[in-house]
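> Take this sequence and fold it.
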Amino acid sequence: MRQEGVRYGRKPGDELVSEADLHAAEVLHDCLMGAFPGDGWLGEEHYDTADRLGRDRVWVVDPIDGTREYLLGLPEYAVSVGLVVEGQPVIGVVYNPATGDLLAADATEATELPPEEPPREFRVLVGRGETDRRRSLPLPAGGRNEGIGSVAYRLGLVASGRGDAVITNYGRSEWDVAAGAALCLAAGLRVTDVLGAPLRFNQAEPWIRGLLVAKPGLHRRIRTHFMLLG
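Model (predicted):
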């Protein structure tokens with residue numbers, strides 16, 4: 001669709017949306033809700049209702065996370081599909097059509113890795129707009145920011161060992177994060193908001209206070225550094 005000249009516009013809040021976002025949203029909704037009609041649904045391109053709050057199982061979906069990158073032809077966007085059960089992400093699927101990366105995991109019985117000595121040098125995956133020092137959080141010595149568009153894709157890369165941490169000081173919608181959070185939990189990483197609190201999904205206001213995701217030892221080092229800075 002992009003190669004053929006996909007149409008796009010802006011939603012309230014000045015967010016980009018394209019024909020491809022809407023088409024992918026309908027394909028995913030029809031497929032998943034057709035298979036699991038008793039589940040709830042929270043998707044970026046669907047009207048949200050309170051019905052999902054009474055459901056134990058809720059699909060949390062972003063049909064294209066990284067619409068800007070998609071429209072620009074940058075290979076940093078992803079389809080993000082998460083299943084949340086009683087507020088916890090248990091299934092995550094992140095697919096980047098541009099690279100062919102398909103990352104999927106079941107976090108139902110996930111356990112966190114034991115604390116380890118953090119590496120002296122580490123890569124932190126941040127949004128493209130967060131590589132500027134004025135917009136990024138100050139890192140401990142040895143940390144280096146790398147800008148990548150989709151936060152779902154960033155989480156998938158870190159879960160698969162192609163990055164050491166994901167940090168953002170900016171609030172995120174649940175659909176941006178749910179699938180990637182499941183991938184990272186399944187990999188034994190520590191997944192919290194930027195203040196260090198555990199994430200809970202299917203909230204009435206589906207909003208996450210930033211992200212801090214890494215192996216436990218590195219997570220603790222970064223979190224301690226933030227606390228010392230006040």
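> contacts and neighbour counts: CA atoms only from here.
Fine.
> now the end-to-end length of stretch 110-118.
21 Å (C-alpha to C-alpha, to the nearest Å).
> buried ones in it?
Neighbour-count burial for stretch 110-118, with 16 or more other C-alpha atoms under 10 Å as criterion, is recorded at 110, 118.
> Check what contacts it and list those residues.
185-190, 215-218, 221 (C-alpha atoms under 8 Å, 6 or more residues apart in numbering).
> May I have the longest helix along the chain exported as CSV, CA atoms only?
Ranked by number of residues, the top helix in the chain under DSSP state H is helix 19-35. Provided in CSV are the C-alpha atoms of helix 19-35 (Å, rounded to 0.1, in the frame of the first residue of the first chain):
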residue,chain,number,x,y,z
GLU,A,19,-5.0,3.7,5.2
ALA,A,20,-2.7,0.8,6.0
ASP,A,21,-3.2,1.3,9.8
LEU,A,22,-7.0,1.1,9.4
HIS,A,23,-6.9,-1.9,7.0
ALA,A,24,-4.5,-3.8,9.3
ALA,A,25,-6.7,-3.0,12.3
GLU,A,26,-9.7,-4.5,10.6
VAL,A,27,-7.9,-7.6,9.5
LEU,A,28,-6.5,-8.2,13.0
HIS,A,29,-9.8,-7.5,14.8
ASP,A,30,-11.8,-9.8,12.5
CYS,A,31,-9.3,-12.6,12.9
LEU,A,32,-8.8,-12.4,16.6
MET,A,33,-12.3,-11.6,17.7
GLY,A,34,-13.7,-14.1,15.3
ALA,A,35,-11.6,-16.8,17.0
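> Show me what it is packed against.
Applying 3 or more C-alpha pairs under 8 Å, 6 or more residues apart in numbering; DSSP states H and E, one finds that helix 19-35 contacts strand 57-65.
> Name all residues that make contact with the residue nearest the centre of the chain.
Residue closest to the average C-alpha location in the chain (C-alpha atoms, centre = their mean): residue 177, at 2.8 Å. Taking C-alpha under 8 Å, 6+ apart, we find residue 177 in contact with 151-152, 155.
> Looking at those, state which has the most neighbours.
Greatest neighbour count in these, by other C-alpha atoms under 10 Å, goes to residue 155: 33 neighbours.
> Spell out the residue ranges of the strands in this protein.
Under the criterion DSSP state E, the chain contains strands at 8-10, 16-18, 40-43, 57-65, 78-85, 88-96, 101-106, 122-126, 143-147, 165-168, 172-173, 190-192, 207-208, 211-214.
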